[in-house]
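> have a look at this prediction, sequence included:
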Amino acid sequence: MRHAIALTLASFVLHFGWESVVCPLLYVHGSYDATWSGMLRASAGDVLLTWTIFAGVGAVSRRWRWDIRPWKAAQWTSLVGLALMLAVAVELRGLVMGRWSYQPGMPLVPLLDVGAVPLLQLLILSPLGFRVATWLAGDRRRRNPSATEATRRRYDRIAWLYDTLGWGMNLRFRPWRRDLWARVVGERILELGVGTGQNLPFHPSGKRVVAIDLSERMLARARRRARRLGSPTVLALADAEALPHRGGSFDTVVATFLFCSVPDPLQGLREARRVLTPGGTLLLLEHVLSEKPLLRRLMRWLDPIPFHIWGAHIDRETVHHVEAAGFVDVEDEDLALDVVKRIVARAPGGARTAQGQPAS
């Protein structure tokens, strides 16, 4: 529904802007109502044309395509074909009914005798409307190979400023990070999304800790921090959605404020479950979507802003994702309202242990 509302609003604004700016330059109006109310009605008609085009693209794609980036030839062909047919039909109808004629010098399409420039309206504004709608609605359903690369680029871009931007929050989060790492069990530990290395001071000594991140520039800052601390943690470049480790390689998997930015959090959590030993422990510190109605709605509406700046969502339902990924004995504790949570869970199989309890 959010996408439908966003597409309708984006399409209306774009077409009304076109009507009010371009049409007076191109047309000699006859019986056509060139007042503001007339252009509003014309823009409403253009919204219906946009939805018709979108329906055609969706039919060819076999499912709705809110984002034009992964489109292939079939989607573009259907867009161009439908837009041209509808635009030509509208122009011919207006000319035949005497609603307008063209200004002198308007380039015409051969054989059809309709203006070439007006045909661009639907060709330009339809894909632009789809893209704006995606941005406004904050589409989280896209699953395409570019999503991971886009996330990598975002964090590479802000790596130099990341610690500065989060300075105040990191002070608040530091005790929670320390407490989370005090709960690790076993000798083999994996940290997902090490970032700039905020957790390195809390990595347990005497255990084998591997920490991975998607961004090379974030990882470079983590390496510098590890050298300053003398940390033996193994730092590696890897994708949480496709871990390079064999199944059952780790006793505990830890992540702090990671699954807000993983393109497919469910896949990332499935990978965490795969690399854990049976009965292994999952420890998470995450901000999630609030259950409070007003705050929940506000977080959903604001979500596109942080996502498009640095790729982090503020409306993820991570507790549900942990359960859906197949973990058992899932427990969560509110740390700040019901937005920041500590989540403790266990991989299925194996004997149940006192995982997730602070070490004495």
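Sure thing, it's come through.

> any idea how far stretch 229-245 is from the chain center?
24 Å (Cα atoms, centre = their mean, to the nearest Å).

> repeat for stretch 325-339
In this view, stretch 325-339 has its centroid 22 Å away from the chain centroid, taken as Cα atoms, centre = their mean.

> what does stretch 122-134 give?
Taking mean C-alpha positions (Cα atoms, centre = their mean), stretch 122-134 and its chain are 18 Å apart.

> mind exporting it as CSV, just the C-alpha atoms?
This file holds the C-alpha atoms of stretch 122-134, laid out as CSV (Å, rounded to 0.1, in the frame of the first residue of the first chain):
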residue,chain,number,x,y,z
LEU,A,122,5.3,9.3,-20.3
LEU,A,123,8.7,7.9,-21.4
ILE,A,124,10.5,10.1,-19.0
LEU,A,125,8.1,10.4,-16.1
SER,A,126,7.0,6.8,-15.8
PRO,A,127,10.4,5.3,-14.8
LEU,A,128,11.2,8.4,-12.8
GLY,A,129,7.9,7.9,-10.9
PHE,A,130,8.7,4.3,-10.2
ARG,A,131,12.1,5.3,-8.8
VAL,A,132,10.8,8.1,-6.7
ALA,A,133,8.1,5.8,-5.3
THR,A,134,10.8,3.3,-4.3
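
> surely L284 forms part of a strand?
Yes - under DSSP: H, G, I helix; E, B strand; the rest coil, L284 falls within a strand.

> let the chain start at 712 from now.
Got it, the first residue is 712 from now on, which makes the last one we talked about L995.

> name the nearest residue to it, sequence neighbours excluded.
I1054 (4.1 Å; Cβ to Cβ, 6 or more residues apart in numbering). Glycine gets a C-beta too; all of them are placed from N, C-alpha and C.

> hang on, that neighbour packs against R1027?
No - using Cβ atoms under 8 Å, I1054 is not in contact with R1027, being 11.7 Å away.

> any shared contact partners between the two?
E997 (Cβ atoms under 8 Å, 6 or more residues apart in numbering).

> picking that back up, the residue nearest to L995 bridge partners, please.
I1054 has these beta-bridge partners by DSSP bridges: L995, D1043.

> tell me the pLDDT at it?
Looking at I1054, its pLDDT reads 97.

> in the chain, which spans are strands?
738-740, 811-813, 899-903, 919-924, 945-948, 961-967, 987-998, 1039-1047, 1051-1057 (DSSP state E).

> lowest-confidence stretch among these?
strand 738-740 (a mean of 62).

> can you lay out the strands of the chain as CSV showing mean neighbour count and distance to T875?
Converted to CSV, these look like this (neighbours: other Cβ atoms under 10 Å; distance: least, Cβ to Cβ, whole Å):
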stretch, mean neighbour count, distance to T875
strand 738-740, 16, 54
strand 811-813, 18, 57
strand 899-903, 25, 22
strand 919-924, 22, 18
strand 945-948, 15, 21
strand 961-967, 25, 18
strand 987-998, 23, 19
strand 1039-1047, 14, 22
strand 1051-1057, 21, 21
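
> got TSV for those, with distance to P829 too?
What follows is the strands of the chain, written out as TSV (distance: least, Cβ to Cβ, whole Å):
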stretch	distance to P829
strand 738-740	8
strand 811-813	9
strand 899-903	53
strand 919-924	50
strand 945-948	51
strand 961-967	53
strand 987-998	48
strand 1039-1047	54
strand 1051-1057	53
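
> so which of those comes closest to G728?
strand 738-740 (15.9 Å; Cβ to Cβ).

> quick one: closest of the strands of the chain to D890.
For D890, the closest of those is strand 1051-1057, at 7.6 Å, according to Cβ to Cβ.

> show me what the closest one is packed up against.
helix 878-892, strand 987-998, helix 1029-1035, strand 1039-1047 (3 or more Cβ pairs under 8 Å, 6 or more residues apart in numbering; DSSP states H and E).

> how about CSV for those, with distance to A721 added?
As requested, the helices and strands packed on strand 1051-1057 are exported to CSV (distance: least, Cβ to Cβ, whole Å):
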stretch, distance to A721
helix 878-892, 33
strand 987-998, 29
helix 1029-1035, 30
strand 1039-1047, 35
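
> for L795, which of these is the nearest?
Nearest of the helices and strands packed on strand 1051-1057 (Cβ to Cβ): helix 1029-1035, 43.4 Å.

> buried residues of that closest one, list them for me.
Neighbour-count burial for helix 1029-1035 flags T1029, V1030, H1032, V1033 (criterion: 16 or more other Cβ atoms under 10 Å).

> of all these, which two lie farthest apart?
V1030 and H1032 (7.2 Å).

> how about the nearest residue to E1034, chain neighbours excluded?
V1041 (5.4 Å).

> how far away is that neighbour from V1030?
7 Å (Cβ to Cβ, to the nearest Å).

> identify the contacts common to those two.
Common contacts of V1041 and V1030, defined by Cβ under 8 Å, 6+ apart, comprise I1054.

> lowest-pLDDT helix or strand in this structure?
With mean pLDDT, DSSP states H and E as the measure, the helix or strand of the chain carrying the lowest mean pLDDT is strand 738-740 (a mean of 62).

> pLDDT weak spots in the stretch 812-961 of the chain?
Residues of the stretch 812-961 of the chain that meet the criterion pLDDT under 70 lie in 816, 822-824, 826, 828, 842, 844-856.
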